[in-house]
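Trainee: Generate coordinates for the sequence data below:
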Amino acid sequence: MQRAAGQPVGPALLFFGCDDPDVDFLYRDQLAEWEREGVVSVRPAFSARPEGDVRFVQDRLWQDRAEVEKLFRDGATVFVCGDGQRMAPAVREVLVRMVRESGGVDDAAAQAWVEHIERDTARYVADVFA
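Mentor: Numbering: from 1, shown residues only. This next block holds a predicted model:
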C-alpha cells in the first residue's frame, strides 16, 4: 500500500514455510505480484518438496544469510511468526549461528547479542504459537 501510494519502502524479505508449493502455498499469486513490483522478495521453504538443503524456514534463512546479515547491519528488523515449538527456536538458533560465525564470537556472546536485540532494541520480534 505504501509503495502504491508513492512512498519509498525498504527491502523486505519474506521467509515462510509450507508443505508443498502445489498444495498449500497460500497467496501465491499475490506474493508473486508484490515480488514483481519490488515490494518483497519471497523466500519459501517446502518441507514435502525440499530444494537442495532447504526444507524448512531456518534452512532458507541460513542459505540466504549473507543478504540477511547485510540488511540487519543496515538496521533491519526481523519478525518471526508461526510455530513456537519448532520453527521459531530454530530460526533464533540460525540467527545466533550467523552472529557467531560472521562476528567471530563464541556462543555465549552470540546468544547475548540476540537477546539484546530482542529485549532492548525490538529489532527481533516474535509472535508465535505453541
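
Trainee: show me where the chain has strands.
Mentor: All strands of the chain, identified by DSSP state E, fall at 13-18, 41-46, 78-83, 124-129.

Trainee: Ok, which of those comes nearest V99?
Mentor: Nearest to V99, of all the strands of the chain, is strand 124-129, at 11.0 Å by C-beta to C-beta. From N, CA and C alone the C-beta is placed, and that goes for glycine too.

Trainee: In the protein, where is pLDDT below threshold?
Mentor: By pLDDT under 70, the chain has no low-scoring segment.

Trainee: by contact count, what packs against the longest helix seen in the chain?
Mentor: Longest helix of the chain, by residue count under DSSP state H: helix 87-103. Helix 87-103 sits against helix 57-63, helix 65-73, strand 78-83, helix 107-119, strand 124-129, with contacts defined as 3 or more C-beta pairs under 8 Å, 6 or more residues apart in numbering; DSSP states H and E.

Trainee: That one versus helix 107-119: what angle between them?
Mentor: With axes from the mean of the first three to the mean of the last three C-alpha atoms, to 10 degrees applied, the angle from helix 87-103 to helix 107-119 works out at 120 degrees.
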